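Participant: can't give you the sequence, but here's the structure:
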């Protein structure tokens, strides 16, 4: 039984690393998009007064992307907590068999 628990803990930890890797990739892409949006914003100021509306929307998008990144980091942290707890259960399961 402890082997199954340990195996599940390794699977959970692997999934947590995958989640964290994906969150970092998503955050990187969001930062690249934000950089491009800031460049577009600068050019839009040069082009037209209506660009203020566009820039406001771009800043809202960037703010939302930072919120998404924060949520992804929270998910990553929770997955590591679950990983840690699964190792604790694994350790307790091995200790009972000895």
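Facilitator: Ah, there it is. Note that the structure is predicted; figures quoted are calculated from it, not measured.

Participant: For this protein, which segments count as strands?
Facilitator: In the chain, no strands are found when defined by DSSP state E.

Participant: Now do the contacts for the residue nearest to residue 20 when sequence neighbours are not counted.
Facilitator: Excluding its sequence neighbours, the residue lying closest to residue 20 (CB to CB, 6 or more residues apart in numbering) is residue 76, at 4.2 Å. (C-beta placed from N, C-alpha, C; glycine too.) Residue 76 sits next to 16, 19, 20, 23 when contact means CB atoms under 8 Å, 6 or more residues apart in numbering.

Participant: same thing but 7 Å
Facilitator: 19, 20, 23 (CB atoms under 7 Å, 6 or more residues apart in numbering).

Participant: can you put these in a markdown table and add distance to residue 5?
Facilitator: Below are these laid out as a markdown table (distance: CB to CB, whole Å):
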| residue | distance to residue 5 |
| --- | --- |
| 19 | 21 |
| 20 | 22 |
| 23 | 26 |
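
Participant: out of those residues, which are inside helices?
Facilitator: If you go by DSSP state H, the contacts of residue 76 have 19, 20, 23 in helices.
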